[in-house]
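Colleague: Coordinates only, no sequence provided:
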Ligand code: SF4
Ligand SMILES: [Zn+2]
């Protein structure tokens, strides 16, 4: 399966090991409702050893292990663009606690650079959630949160994603983190391969609920985006269809109405414009979803006379 997924990839984007891919500034609603400044730093490092059929993160990775010293250099560059030391997310397109992705000898300098941040989020596959993660959390100045892709709780789709993770693996990692007071953020897919179109909404909501039950305090719904090669091949076989903006809106509206106590559900807005079939309403619809990320409340739908989006309107 790994070979099949990788054979369909195009070439990577060339990246320097000395510069971060980018820094994104946004506001984020935290569990409890507070809205804080959040900076996401996209680090260029080693490619993830897994080859999930839906993943396109490999495009911006280096060939070979992350060189010693490169991630602290990238973080230093990124910090020059970050004012408020509130929440920082370090996304390295792999597992932060995989020694190939983040050399253990770089940890001391990363910890120094992260001093003063109240919250630090890193991403990690459950296989790398262990002693190294907990030792990092103990030495970190602020509170550590580990982001794990749950993807889906669908019992047939999850094993077919080639993530090499069972639901029990996710649950065990979640339990280990929460026992040690390390935060858990979960990523859940909408438009997951191997799930029928009419069941997508239901399985995404079930996955959100499962993540919350396992202790995730932030749950991010990720609409699957095409373009990695494998998804296009699955689409030909009828095993995957691109997600529509209508379905994305309906799923997020419903997710915000779930009873999840103090867990925050967010929608990943990246590239949502690509899903739209109507240039007249796309900006307003994406802005509405962004506002809902901050308020945690479903807002009135946007009505569009051109495409018929929104209730009770006909195309002119
Ligand atoms: S584990 Fe995460 S980064 Fe690695 S291939 Fe899967 S989705 Fe991509
Ligand atoms: Zn429209």
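Modeller: Cool, the structure landed. Values in this document were obtained by computation on a predicted structure and should not be read as measured data. Numbers count the residues shown, from 1 in each chain. Ligands and ions are numbered 1, 2, ... in the order given.
Colleague: Give me the distance between residue 210 and ligand 1.
Modeller: Per CB to the nearest ligand atom, to the nearest Å, residue 210 is found 18 Å from ligand 1. From N, CA and C alone the C-beta is placed, and that goes for glycine too.
Colleague: Same check on residue 89?
Modeller: 14 Å.
Colleague: Could you give the number of residues near that residue?
Modeller: 20 (other CB atoms under 10 Å).
Colleague: Look up how far residue 279 lies from it.
Modeller: Residue 89 sits 31 Å away from residue 279, going by CB to CB, to the nearest Å.
Colleague: neighbours of residue 60, just the number please.
Modeller: By other CB under 10 Å, 19 other residues sit near residue 60.
Colleague: Which residue is the nearest non-sequential neighbour of the residue in the stretch 151-300 of the chain positioned nearest to ligand 1?
Modeller: Residue nearest to ligand 1 within the stretch 151-300 of the chain: residue 163 (5.3 Å; CB to the nearest ligand atom). In space, residue 163 comes closest to residue 52 once its chain neighbours are excluded; the distance is 4.8 Å by CB to CB, 6 or more residues apart in numbering.
Colleague: tell me which element the residue of the stretch 151-300 of the chain closest to ligand 1 is part of?
Modeller: Using DSSP states H and E, residue 163 falls within no helix or strand.
Colleague: need the contact list for it.
Modeller: Applying CB atoms under 8 Å, 6 or more residues apart in numbering, we find residue 163 in contact with 50, 52, 125, 149, 151.
Colleague: secondary structure class for the spatially most central residue of the chain?
Modeller: By CA atoms, centre = their mean, the chain has its centre lying nearest to residue 187, at 5.0 Å. Following DSSP: H, G, I helix; E, B strand; the rest coil, residue 187 is assigned to strand.
Colleague: Let me see the contact set for it.
Modeller: 147-151, 219-220, 222.
Colleague: Which of these fall in strands?
Modeller: Judged by DSSP state E, these include 147-151, 219-220, 222 as members of strands.
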